[in-house]
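# starting from these lines, generate the structure:
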Amino acid sequence: MMSILGLLELNFSFQLVSFPAVILKRLTFHPDDCFEVRTPNLASLGQEEPWTPNTLSLRLDLSDPSDPNVSISLYFDPGTRPLGLLPGSKILLHNVEHKISKRKNVYCRFINTSVLTVISFPPSLQKRITTDETSFTRLYLRDIRGSVQGMQQAVCSITRISRLTLRWNCIWCGKLFTKGRCAARQEGFCSSDCGRFGASASVVVDDGTAESLALVEAQQVAVMLGLTAAEWKVLKDEVWMRGELEYSYNQQFHDPVADPLWNVVAALCCKASSFRRFNLSFCLKKQLHHQDVSEKTFQLGEMRYATQLLSSPVLFVKNITPSDWKALVSHWQHLHEAEQSTH
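This next block holds a predicted model:
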């Protein structure tokens, strides 16, 4: 683990670095521009979304926790980014790329193998969050280990839909049900003409402190995809004609003429509205402990790296609703003003 002061030495030779930092400033800009077009900060978040737009590049100005006068810039390309990147947040960075510009300026870049963990948020952002609709104590994903029991709630962003299955099953034997007929009818095992629709998805969620695998089922899948009741019914009717449809994140798009329905579902999983922030009510499918680790390998250039990470918890989602970020920001702003008035 390095320090920002050590990274600023021009003779520093490591390409991947890890270090703690405090976010001083957050700036977003268009990928083709060399200047910043938006500078949100905690004091002006009244009407501003606290999450950075995925279509813009991002620059974080970071300071050394032990010396606020020592700073370095960290750049993110457009795309889905960790949550919690607010001025004043303390973060821990792993495997970010160390770069030196033509003008001998030292900076860092967040790449595919990088990991960012939010250690703590600004003092005014309390864990107790109250909105117009609900009041609950937020649980951060980093705290989900063996001591967590029962139903919990968290505010997360869906960063990837890894798998989605839409399927009609026979209510009697459970076989595939297509066009009003059980697949076992041809074999003479079942003569049922009643089917039941099921939907399930495996998604990766991130709340800025850690990421987890979440399992979403039934009507919650429609909420996750941002579909209305009428749109969800149309999708179910289309799947009824074929019996089953499976989407996987690593699959290539199909022939638009041969399989248009699959391409529609793939587009729903990839579109920006599928990566919104949600309030999740969940329970742990499997209890995890602090000693549970998994090994991760990755390659950068000709070098291959291996590291051990804490195993990600698996969440079974009971309810999912879009997060009302304006209500959260309003509450954060109220806490910030109340804190300022006491000083």
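
# quick check: beta-bridge partners of Tyr107?
Legend: beta-bridge partners of Tyr107 under DSSP bridges are Lys99.

# tell me the spacing between it and Lys179.
Tyr107 sits 59 Å away from Lys179 when distances are taken as C-beta to C-beta, to the nearest Å. To be clear about C-beta, it is placed using only N, CA and C from the backbone, and glycine gets the same treatment.

# more neighbours: which of these two?
Neighbour tally, Tyr107 and Lys179, criterion other C-beta atoms under 10 Å: the higher count belongs to Tyr107, 17 against 10.

# what about Ser162, neighbour count?
Ser162 is flanked by 15 other residues according to other C-beta under 10 Å.

# again, but for Asp237
A total of 10 residues lie near Asp237 under the criterion other C-beta under 10 Å.

# doesn't it lie inside a helix?
Yes. Asp237: assigned to a helix according to DSSP: H, G, I helix; E, B strand; the rest coil.

# is the residue in the chain sticking out farthest from the centre in a helix, a strand, or coil?
Note on the chain: the largest separation between a C-alpha and the mean C-alpha position, by C-alpha atoms, centre = their mean, falls on Gly188 (46.8 Å). Each residue gets one of three states, and Gly188 gets coil by three-state DSSP.

# show me what contacts Phe177?
By C-beta atoms under 8 Å, 6 or more residues apart in numbering, the contact list for Phe177 reads 168-170, 183, 195-196, 243.

# hmm, which of those residues are the buried ones?
The neighbour-count test (16 or more other C-beta atoms under 10 Å) marks 168-170, 183, 195, 243 as buried among the contacts of Phe177.

# inside strands: which ones of those?
When strands are assigned by DSSP state E, the members of those inside them are 168-170, 195.

# would you reformat the buried ones among the contacts of Phe177 as JSON lines and include distance to Glu9?
Listed next are the buried ones among the contacts of Phe177 as JSON lines, based on distance: C-beta to C-beta, whole Å:
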{"residue": "Trp168", "distance to Glu9": "63"}
{"residue": "Asn169", "distance to Glu9": "63"}
{"residue": "Cys170", "distance to Glu9": "68"}
{"residue": "Ala183", "distance to Glu9": "67"}
{"residue": "Gly195", "distance to Glu9": "67"}
{"residue": "Gly243", "distance to Glu9": "63"}
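
# nearest to Pro313, of these?
Within the buried ones among the contacts of Phe177, distances to Pro313 taken as C-beta to C-beta reach their minimum at Asn169, with 28.8 Å.

# all helices of the stretch 101-250 of the chain, in order?
Under the criterion DSSP state H, counting those that start in this stretch, the stretch 101-250 of the chain contains helices at 219-225, 229-242.

# quick one: closest of these to Leu27.
helix 219-225 (31.0 Å).

# cheers, nothing more for now.
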